[in-house]
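Chemist: Just to be clear, the model below is a prediction. Sequence and coordinates:
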Amino acid sequence: MSQFVREQAGSVDTDAVLVRKYRATGDRTAFEALYKKYQGPIFALVHRMVGNEDAYDITQEVFVKVLKALGTFRGESSFRTWIYTIARNVCYNHCRDLKRKNSFEEPFGTNSDGDDETADCLPDPHLSVEKITETKELQRVAGVVLATLSPEQRMLISLRDFDGMSYEEIGQIMDLSLANVKSKIHRSRMAFKQAFQPYMDILDDYFQE
Amino acid sequence: MVSCDDIREEFSDFYDDRLDTDDKKRVAAHLGTCPRCSMEYRSFVRTLEVIRAIPAEQPVIDMWAEFAPQMDAYEAEQKFTLRERVRRWWLQIAGRISEGAILYTDGLAQRTTRRFSKYLTHNPFSAKDR
């Protein structure tokens, strides 16, 4: 645990040093280091939020905003939570624009409020378990199931269960109180579990045999 | 006496070890005696374990290579003098206003065409129209 804390503290310091270096000297390598460190996690988050098609463009948009806003970063929170907050805002804006464009469609072609859409992600009865357990297929299924949740629920599940963030960090990123984070994470997980259940049943049957 | 619904509301906090000792004991005791909640909790945990085991999607292209030109453009813009930046800002606003004016005029023209189309297509010499 203490090693984890030290690593986290170390990474925060490194980020802050890189930010200061870029701001002071305009050294591109400092920003490049930050970019390369966070491009993977931010891309994964954006991919879960908006799907494959727009993930690249939205990720680049996040980094453009980071670059432009770097002057306003005061270091009150860690750079990690700051960049995730920007990513959250960009993803929410994208989801809102998409919803406005095609009144009823959400990313992946499903409805955000949509329990009614859950049927779309029921597993294909002809799908073999071997296929489901393939990494790519699991990623796709998780994406489809996530798409049935609201953007906020998608974001909470991503931050907590995919990225392993603490409740406190999530509170900062989502601008929510700790009590709100707790209850919303629980509701998001239950919604995900419900939508994911058909796949779990197939997997459980397989492993029990 | 706590209900099963109350206990199920605590699943996330119990799983994330965010309950105080008494609440943790209370939930654990209930899960030990209630087979339905116990099964539900196992299913809950299993779902989270599967989620956490799914590797994150990674970009398949070199994103930095695509980002670098955007950074070049931004840095070049930053090197402009304040006067130049203000000038470009005004030009952008003027461009937007022009776009708006063109769209508005086009809309007006279309509305006018719609309103007057019946007069334009009316043939005074046609027996049907008379």
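Modeler: Structure received. Bear in mind the structure is a predicted one, so any value in this text is a computation, not a measurement.
Chemist: ok, which stretches of chain B are helices?
Modeler: Secondary structure of chain B by DSSP state H: the helices cover B:4-9, B:11-15, B:21-33, B:35-53, B:63-78, B:82-121.
Chemist: right, is the first one up against chain A?
Modeler: Yes. Shown here: helix B:4-9 in contact with chain A (C-beta under 8 Å from any C-beta of the partner chain) through B:Glu9. The C-beta positions use only the backbone N, C-alpha and C, and glycine is treated the same way.
Chemist: which residues of chain A score low on pLDDT?
Modeler: Along chain A, the model assigns pLDDT under 70 to residues A:1-12, A:103-135, A:203-209.
Chemist: What ranges does it have for its strands?
Modeler: Assigned strands in chain A: none (criterion: DSSP state E).
Chemist: how deep is A:Lys101 tucked in, by neighbour count?
Modeler: Per other C-beta atoms under 10 Å in any protein chain shown, the neighbour tally for A:Lys101 reads 8.
Chemist: how far away is it from A:Tyr92?
Modeler: Spatial separation of A:Lys101 from A:Tyr92 under the definition C-beta to C-beta, to the nearest Å is 15 Å.
Chemist: Quick one: neighbours of residue 95, just the number.
Modeler: In the absence of a named chain, chain A is used. The local packing of A:Cys95 (other C-beta under 10 Å) involves 20 other residues.
Chemist: right idea, wrong chain: chain B
Modeler: 10.
Chemist: can you pull the pLDDT of it?
Modeler: B:Gly95 carries a pLDDT value of 94.
Chemist: which residue is nearest the middle of chain B?
Modeler: B:Glu57 (18.7 Å; C-alpha atoms, centre = their mean).
Chemist: Get me the contact residues on chain B for chain A.
Modeler: Counting by C-beta under 8 Å from any C-beta, the residues of chain B close to chain A are B:9, B:11-13, B:16, B:18, B:43-44, B:46-48, B:50-52, B:54-59, B:61, B:63-64, B:66-67, B:70-71, B:74-75.
Chemist: For the residue nearest to the centre of chain B, give me phi and psi.
Modeler: Main-chain dihedrals, B:Glu57, degrees, to the nearest 10: phi -70, psi 140.
Chemist: Could you measure from the residue lying closest to B:Cys34 once chain neighbours are set aside over to chain A?
Modeler: Using C-beta to C-beta, 6 or more residues apart in numbering or on different chains and skipping the chain neighbours, the partner closest in space to B:Cys34 is B:Cys4 (6.2 Å). In this structure, B:Cys4 and chain A are 14 Å apart, going by C-beta to the nearest C-beta, to the nearest Å.
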